[in-house]
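1. I'll drop the sequence and a predicted model, then ask my questions.
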Amino acid sequence: MKWNKWVRQIHRWVSIAFVVTVVVAFVAVGQAEPAEWVFYLPLLPLALLLLSGLYLFVLPYANRWRGGRRAA
């Protein structure tokens, strides 16, 4: 598998993990005294989504700049 496909697949799975952690944080808000660390749980998947999303965003421009074929 090429790098682009790996990054896309990882981006998809991390987005699912991000949604789950956000739902957990919202459920924790409904509890009487939520632990403070619960609110920091979505930050790691969010950072990974930022990095992989920026890579996927720049990919067509970098490909065009290098003179390669257009991304499908």
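-> Everything's here; your move. Computed from a predicted model, the values in this text were never measured in an experiment.

2. Just the pLDDT at the residue nearest the centre of the chain, thanks.
-> By C-alpha atoms, centre = their mean, the chain has its centre lying nearest to Leu49, at 2.0 Å. Predicted confidence (pLDDT) for Leu49: 97.

3. what helix or strand is it on?
-> Assigned by DSSP states H and E, Leu49 falls within helix 43-65.

4. Dump that helix to PDB, restricted to CA.
-> Output for helix 43-65, consisting of C-alpha atoms alone and laid out as PDB, is shown next (Å, rounded to 0.1, in the frame of the first residue of the first chain):
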ATOM      1  CA  LEU A  43      -6.600  16.400  22.300                       C
ATOM      2  CA  LEU A  44      -4.300  13.500  21.200                       C
ATOM      3  CA  PRO A  45      -6.600  12.300  18.400                       C
ATOM      4  CA  LEU A  46      -7.200  15.900  17.500                       C
ATOM      5  CA  ALA A  47      -3.500  16.500  17.100                       C
ATOM      6  CA  LEU A  48      -3.100  13.400  15.000                       C
ATOM      7  CA  LEU A  49      -6.100  14.500  12.800                       C
ATOM      8  CA  LEU A  50      -4.400  17.900  12.400                       C
ATOM      9  CA  LEU A  51      -1.100  16.400  11.200                       C
ATOM     10  CA  SER A  52      -2.700  13.800   8.900                       C
ATOM     11  CA  GLY A  53      -5.200  16.300   7.600                       C
ATOM     12  CA  LEU A  54      -2.500  18.900   6.800                       C
ATOM     13  CA  TYR A  55      -0.600  16.200   5.000                       C
ATOM     14  CA  LEU A  56      -3.600  15.200   2.900                       C
ATOM     15  CA  PHE A  57      -4.400  18.900   2.200                       C
ATOM     16  CA  VAL A  58      -0.900  19.700   0.900                       C
ATOM     17  CA  LEU A  59      -0.500  16.400  -1.000                       C
ATOM     18  CA  PRO A  60      -2.100  17.600  -4.300                       C
ATOM     19  CA  TYR A  61      -0.200  20.800  -4.300                       C
ATOM     20  CA  ALA A  62       3.100  19.100  -3.500                       C
ATOM     21  CA  ASN A  63       2.400  16.600  -6.300                       C
ATOM     22  CA  ARG A  64       1.700  19.300  -8.800                       C
ATOM     23  CA  TRP A  65       4.800  21.200  -7.600                       C
END
